[in-house]
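Colleague: Make a model of this:
(chains A, B and C)
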Amino acid sequence: MEKNKSVLVIGAGPAGLQASKDIAEFGYRVILVEKNSELGGAPIRWKYHTLAPDFVPTEKVLGPLIDFVKNNNLITVYTDSIVESYEQKEDFFNIKILNLKSKGVYNEKVSAIIVATGFEHFNASVDPRYGYGINPNVIGINELEVMISNGKVLRHDGKIPKRIGFIFCVGSRDRSTNPWCCTVCCGVSIKQAIEIKKIIPDSQIYMIYMDIRTVGLWEKLYWQSMENYHINYIRGRVGEIYWTGEKLLVKGEDTLVRGPFEALFDMIVLAVGMEPGEGTKQIAKVLGLKVNEYGFLSPRIPNIHYDSGKDGIFLAGACVAPMSVEEAIGEGSAAALQAIKYSMRKAKKMP
Amino acid sequence: MDNKLSINFNDEEISLTKEDQKLFQKLIEERKAKLAKGTIEDYLRMLEKMKELEKKEEIILHHVHEEYQPRLVKTLSGRIKKIPTVELWQHKSCGQCGHIPGYISSLYWIMNELNIPYVDDTNQTSCTAWNYYGSGTSNSIAITAVFLRNMHVAYEKNAYPLIHCGTSFGDYKECRYLVVMSDEIRNKVRAILKKIDRDIVIPEELVHYSEWLHVMRYEIAERKKFNVSNIKVAVHAACHTYKLMSEDYTYDDNILNGIRPAPTSSIVLALGAKLVDYSNWYDCCGFGFRHILTEREISRSFAYFRKIKPIVEETQADVLITHDTGCVTTLDKSQVVPLAHGYKETIPVIADSQFAALAMGAHPFRICQLHWHIADWKNLLNKMEIDWQSAWDDYKKYIEELKKGAKPFLLIPPPRKLQPRIRDERKNLNGEE
Amino acid sequence: MMDYEYYLARLNEDGWYYGGLPGLQWETEQARKQNREFLKKIVDELYNDERFHEFYYACINCGNCTSVCPPFRFVDFEPRIVVQKIMHAKDEPELLYQMMDQYIWACFQCYSCWDICPAHNNPGGLVLILKEIAVKNGLDSSKKALEPYSKIVYKIMTTGTQITPDMHTTIALFRDWGPHKAELAKNIRIDRKAVPVPSMNGVMDKSWKVDERTMKELMYIHKEAGVWDSIKKTLKDVVDMIEETAKEKGIKNG
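Modeller: Predicted structure coming up:
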């Protein structure tokens, strides 16, 4: 167990899993620390049913990664654990890992660290406009994914909803809550709308948006949703939602066609955005990492994500900026290579 | 010759070299072609299906065979289109014949001068777009049946339909598309046609008369009698010829770099006149169909403020030429009311056939029938050095003779070489012998 | 729980309240008063038309169509709104009906919008289908729009020609086209004799001489294709006159 050939990966989401796989396949040892009981990060925690834009089942992408990590000899997995402290020595790091359930503390020596602590969905009860947590049938896209995975989309009283509204940019692009854009919520919401249409064919689905940011090859979701699935789009914002006892009374403005409107909906889905999670905040403190004005980990140069600015510590995935699963996987691979290069350089004492 | 194009923009001199200009134009060209790509693909699919239907003997195609002496042009997608040049069946336009007779008599006169045989049929209805587009008082079955009825008559006479009106041309493009692509429409139309003892004959190419002028422009220019090199000509292309189904109208890489439709601009260039450009080239004339008759303020306002005024202000052109009945009507008749309001800009508006005939020496009133136009054409004729005063006196004398009962002068088409197809004894409309 | 009766009372039967953009107050009110079944009928007629699927695709609100639309320059008409309201019509039939009054009659049918749409929608074509539906159902708006037009419809459906010389004999009809028109109106009969085109020479009641059989074929086509029936509700007098003329010429009914 050479300390020169061990890498610590914090976070077992798509970025962390891919990094672990690459490092293990290279032949180095991996210490994988995950705060939750399950591996897989947000897609597994929130039971994402399929991934945009091609409706690929989540297991098809993450399943192989999780299996590899569980079965590989070079990877040691600590679940329900966090990194409690670290100490930088000349050519290795001393790591203390705390198991949150058993309270056991474990020591490890590693040559490089990859931080892939991911994100958390915005908690919409912070935003009083939508009555999330007070009004029944106002849910987030994360909760909707669970319903879609179970194949049943139902109201709180068990009835099938007829008119469903998606409100985009909740906890995003908003100086009162989070000012940044979460890049993937538009595509994900449209994907979910299509999936609901498949489950409830005679539903009326309205996407209430400020902009449609289905970037790159995700654009086809937007056009398909209108042409093949007859999903409606209203450009505007919703100011207030009231519960009438039976339905939700939604007050908004359609800035392009209808003007100010009020309408009754059976269910409202909030596209809650990504924000830095507890794990990210905690590890930033422990490792002394710079955090930008939004709370995301700040790389040394903003356009180069893996370089944290601290010797031997590399960043990957949604802890740096909101991104899609495919981008996170790519970043995990990149950070893995950087970590290996660093370890090799340190071992041969090369500049 | 300038190698640079200089523009003064915000008090700053910006220059483009010739290479830059060529590059930009090439980029614009490519982009324009890609813009209409989807409708082009649909249209080409329709043409494929049309050939299939012919093979299956479900329809008859009226081919542009060699005896029509076709000439080839290119369309927006690069498809080669055959334009027949002789033995034409004149598909007249109702508005044109109703109140702009110079438009059609100039065209007939040109064909007579070039010894082109044609058929001036009385067995022709208008396309009835006044019902369909103008007021929603028709439907896709009726309009297609009217189209095919006219085409059947042309087929029987063994003459190729030459469509005069831009709207008829666009309308027939849409009808042909619908009848080929939709089995339902085709079956319903066939049932109606059978009852009047006709069947479905679809022309292989739909040809607008401006395309005929385009392919014959050099022959026309050869017979030019008046010098038009000092005449500034502005051209307006009708929406229905090139926007209603953007495929299937002539584009030529040598005329305006193939970015804009070639006909009308090409004949102006061939005659040697100065073709001028203006900013609102792509704008509609404001005809609006119903609006020119029953809501005239909007047609008038649009035609004057968006077309006439900018053209005169920007180019000081001597004449505005167009190739559609509606456009001639709107642009010509919308000038008097603004002048009464104190605006100064005015320009004569005539059809391309009238301009070509004038240049070839046709009588301004007996043939070109200029007295039916409202906007003043006297300056134009003066500049062309046509003595309109003595022509007018001559016309007045002719009118006096007609009043006394003299036989009117008629344009008789040259003798035909092709024979009409023989048909069996026809049943009358109610199916009785 | 608060009492929302005031708000609930102003929702329509589909559960929508349109605050009413200033320019559309009147249309919105008229649409609200209509019978719901009738609104749904109009939506169905639109969606079931055989041309609908050629003319209608996704609309991303880009505004290309409105930028090239001629009537948009002078009146409150946008092809983008037409496509958007058609898109939502199945779930909100009242939105479609808001256009059926004056809105669609502003369209010039120039098809600049079809030429330029990135999704290949045909707003002009959709407006055309809506105009046909308005005429077929005898809406007040179509009666108002087409009333001054009835002579033209009669002329074209009986003779197959239009804007015939006999419409120019009185100066009243076209006097705003210019004082020169008065001159023309005076001399039009003799001027027509001076037109050298054989089929047009001296013909006053049609644009060119049309064969009897041709006119009969045209009227027969219109009858069989259902045009007479579809315009009966809007232009009843005209249809009566056309039927009279058809009977005189010997076209039997049925």
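Colleague: in chain C, what spans have low per-residue confidence?
Modeller: Low-confidence segments of chain C (pLDDT under 70): C:1-3, C:20, C:170-172, C:252-254.
Colleague: can you check chain B too?
Modeller: Scanning chain B for pLDDT under 70 picks out the ranges B:1-12, B:14, B:16, B:21-39, B:422-433.
Colleague: Show me the strands in it, by range?
Modeller: Secondary structure of chain B (DSSP state E): strands at B:4-9, B:12-17, B:60-62, B:71-74, B:80-83, B:88-91, B:118-119, B:160-163, B:201-203, B:207-208, B:232-236, B:274-276, B:319-322, B:349-351.
Colleague: can you list these in CSV and add distance to residue C:152?
Modeller: Yep, even glycine has a C-beta here, placed from its N, CA and C like the rest. Shown next, in CSV, are those (distance: least, Cβ to Cβ, whole Å):
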stretch, distance to residue C:152
strand B:4-9, 48
strand B:12-17, 50
strand B:60-62, 31
strand B:71-74, 35
strand B:80-83, 33
strand B:88-91, 20
strand B:118-119, 28
strand B:160-163, 21
strand B:201-203, 28
strand B:207-208, 24
strand B:232-236, 24
strand B:274-276, 36
strand B:319-322, 22
strand B:349-351, 22
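Colleague: Make CSV out of those strands and add distance to chain C.
Modeller: Compiled in CSV, the strands of chain B are given as follows (distance: least, Cβ to the nearest Cβ, whole Å):
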stretch, distance to chain C
strand B:4-9, 22
strand B:12-17, 25
strand B:60-62, 18
strand B:71-74, 19
strand B:80-83, 19
strand B:88-91, 9
strand B:118-119, 10
strand B:160-163, 14
strand B:201-203, 15
strand B:207-208, 15
strand B:232-236, 13
strand B:274-276, 22
strand B:319-322, 14
strand B:349-351, 12
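Colleague: Identify whichever of the ones you listed lies nearest to chain A.
Modeller: Across those, chain A has its closest neighbour in strand B:201-203 (30.1 Å, Cβ to the nearest Cβ).
Colleague: Which strands or helices does the closest one pack on?
Modeller: Strand B:201-203 sits against strand B:60-62, helix B:140-157, helix B:166-181, with contacts defined as 3 or more Cβ pairs under 8 Å, 6 or more residues apart in numbering or on different chains; DSSP states H and E.
Colleague: Just put those in JSON lines and tack on mean neighbour count and distance to residue A:314.
Modeller: JSON lines is the format used below for the helices and strands packed on strand B:201-203 (neighbours: other Cβ atoms under 10 Å in any protein chain shown; distance: least, Cβ to Cβ, whole Å):
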{"stretch": "strand B:60-62", "mean neighbour count": "17", "distance to residue A:314": "70"}
{"stretch": "helix B:140-157", "mean neighbour count": "25", "distance to residue A:314": "65"}
{"stretch": "helix B:166-181", "mean neighbour count": "25", "distance to residue A:314": "59"}
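Colleague: Ok, which of the ones you listed comes nearest chain A?
Modeller: Nearest to chain A among the helices and strands packed on strand B:201-203 is helix B:166-181 (18.4 Å), distances taken as Cβ to the nearest Cβ.
Colleague: Against chain C - does the closest one have any residue that ends up touching it?
Modeller: Yes. Helix B:166-181 reaches chain C (Cβ under 8 Å from any Cβ of the partner chain) through B:170, B:177, B:178, B:181.
Colleague: What is the burial count for residue C:24?
Modeller: 20 (other Cβ atoms under 10 Å in any protein chain shown).
Colleague: hmm, back to that, nearest to residue B:411, of the helices and strands packed on strand B:201-203?
Modeller: helix B:140-157 (18.3 Å; Cβ to Cβ).
Colleague: tell me the angle the closest one makes with helix B:166-181.
Modeller: Here helix B:140-157 runs at an angle of 100 degrees relative to helix B:166-181 (axes from the mean of the first three to the mean of the last three Cα atoms, to 10 degrees).
Colleague: Could you find the closest non-adjacent residue to the spatially most central residue of chain C?
Modeller: Nearest to the mean C-alpha position of chain C, by Cα atoms, centre = their mean, lies residue C:131 at 4.1 Å. Leaving aside its sequence neighbours, residue C:131 sits nearest to residue B:136 (Cβ to Cβ, 6 or more residues apart in numbering or on different chains; 2.9 Å).
Colleague: and that neighbour, what is it in contact with?
Modeller: Contacts for residue B:136 (Cβ atoms under 8 Å, 6 or more residues apart in numbering or on different chains) come out as C:128, C:130, C:131, C:132, C:133, C:134, C:135, C:142.
Colleague: Out of those, which sit inside helices?
Modeller: Assigned to helices by DSSP state H, the following of the contacts of residue B:136 qualify: C:128, C:130, C:131, C:132, C:133, C:134, C:135, C:142.
Colleague: Against residue C:24, how distant is the nearest residue to the fourth one once chain neighbours are set aside?
Modeller: If I follow you right, that is residue C:132. Spatially, and ignoring its direct neighbours in sequence, residue C:132 is nearest to residue B:136 (4.3 Å; Cβ to Cβ, 6+ apart). Relative to residue C:24, residue B:136 is positioned 22 Å away (Cβ to Cβ, to the nearest Å).
Colleague: contacting residues around residue B:74?
Modeller: B:80, B:81, B:250, B:251, B:252, B:253 are the contacts of residue B:74 under Cβ under 8 Å, 6+ apart.
Colleague: Show residues contacting the lengthiest strand in chain A.
Modeller: In chain A, assigned by DSSP E, the strand with the most residues is strand A:232-243. Under the contact criterion Cβ under 8 Å, 6+ apart, strand A:232-243 has outside partners A:129-131, A:134-136, A:138, A:165, A:167, A:204-210, A:212, A:226, A:248-258, A:268, C:1-2, C:4, C:7, C:61, C:87-88, C:91.
Colleague: Assign a three-state SS to the closest residue in space to residue C:93 that isn't next to it in sequence, would you?
Modeller: Distances taken as Cβ to Cβ, 6+ apart place residue C:39 nearest to residue C:93, at 3.8 Å, with adjacent residues excluded. Secondary structure, DSSP: H, G, I helix; E, B strand; the rest coil: residue C:39 is helix.
Colleague: quick one, which of the helices and strands packed on strand B:201-203 is nearest to residue B:311?
Modeller: Once the helices and strands packed on strand B:201-203 are compared by Cβ to Cβ, helix B:166-181 is nearest, at 18.7 Å.
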